[in-house]
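Trainee: Generate a structure from the sequence data that follows.
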Amino acid sequence: PSLMPAPIHYSHEILKKLAELRHSGKADFLGPDSKSQLTIEYDNERPIKAHKIVVSSQHKDGFNQTELKDFIMSFVKSILPEKWMCHNDDFYVNPTGRFVIGGPDGDTGLTGRKIIVDTYGGSSPHGGGAFSGKDPTKVDRSAAYMTRYLAKNVVAAKLAKKCTIQIAYGIGISKPLSFYVNTQGTGEIEDLKIQKCLEKIVDLTPKGIRDHLALNNPIYVPSSSYGHFGRQPDEKVKGSFSWEKVDLVEKILNEINTF
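Mentor: Numbers count the residues shown, from 1 in each chain. The predicted model follows:
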C-alpha cells in the first residue's frame, strides 16, 4: 500500500490516468495541464466514500464540456473503490468552463508552488519549504524525505497506525535542534521510546540523511509530477524514491526491544 491519505492518493491516480490516456492517443483532445481534488467522507477516521470530486483538464478548443465530463467520470469510477463514487451533481469537471490555455502560458512562477500537493494534500503538517528546485543538501527537501521514511517504517513495523514526525534544524548546525514523534494515540508503545529508537539507529545530520537515502544521485525528475510521497521506488536506480522503502522495519523492531 502507498500509506498515503485517501484524498491525495486518489487525486494522483486520476491525474496519472488522464496522462496515460493522453499519451496513448486515446484522448488526444486533452492537454497536459490538469488538476484533481477529492473531498472524502470519513467514519471513525476511516475513509468511506468520495463526497465531492473536482477534475480540471486542459483540452482542445471547442471540445464539448458535457462529453469531457462523461469521459472523465467513466474512468474515475474504476479508480475509486466500490461504492465510493459521488453523486453526478457532486462531480465537477472544469467548473470555470473552458480550459484551453494551461501550463506556464496560463500561470507564471511554478517552482515551489505546490508543496501540499507534493506531500500529503493537507493531511499532515508541513514545514513550509518547497522541494523542487533544491538539491539534497537543503533540509527542506532531504529532511522531509527522511521524516516520511521514518514514519512509514514505524507504521510498517506495526508500532502505530499513524505517525507524524517533526524535525528542526538551525543554519550551520548539523544535528537536529528538535526531533519529535507523535503517533496520534495509535501507538503500541510510548512515543518517546519510538523517538529514542529512531534517533539511535539513524544519523539525522544532513549528510547522514543524504548518505542513508542515497540522495546524491540524479533521481528527481519523476518527482516533478504526481507528488513526492506514496511512490514506487525503481530498484534499478540507486536512490529512486528511497524514502518510500520499508527496509528499516527489522532494525526498528530489534532496537525497540532494548528500551
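Trainee: The nearest residue to Y149 once chain neighbours are set aside and E41, how far apart?
Mentor: Distances taken as C-beta to C-beta, 6 or more residues apart in numbering place W243 nearest to Y149, at 4.0 Å, with adjacent residues excluded. No exception for glycine: its C-beta is placed from N, CA and C like everyone else's. Going from W243 to E41 by C-beta to C-beta, to the nearest Å gives 30 Å.
Trainee: quick revisit: what pLDDT does the model give the residue nearest to Y149?
Mentor: For W243, the pLDDT comes out at 98.
Trainee: quick check, it in a helix?
Mentor: Yes - with the criterion set as DSSP: H, G, I helix; E, B strand; the rest coil, the secondary structure at W243 is a helix.
Trainee: residues touching it, list them.
Mentor: Y145, M146, R148, Y149, K152, L213, F229 (C-beta atoms under 8 Å, 6 or more residues apart in numbering).
Trainee: just V246 next, same as before
Mentor: K152, N153, A156.
Trainee: And for H59?
Mentor: Residues counted as contacts of H59 (C-beta under 8 Å, 6+ apart) are F29, L30, G31, L68, N94, R98, F99, V100.
Trainee: Quick check: which element contains the residue sitting furthest away from the middle of the chain?
Mentor: Within the chain, G62 marks the point farthest from the mean C-alpha position, 34.0 Å out by C-alpha atoms, centre = their mean. In the assignment (DSSP states H and E), G62 maps to no helix and no strand.
Trainee: I'd like the distance from it to F29, if you could.
Mentor: 9 Å.
Trainee: Repeat that for E41.
Mentor: Plainly put, E41 is 32 Å away from F29 if you go by C-beta to C-beta.
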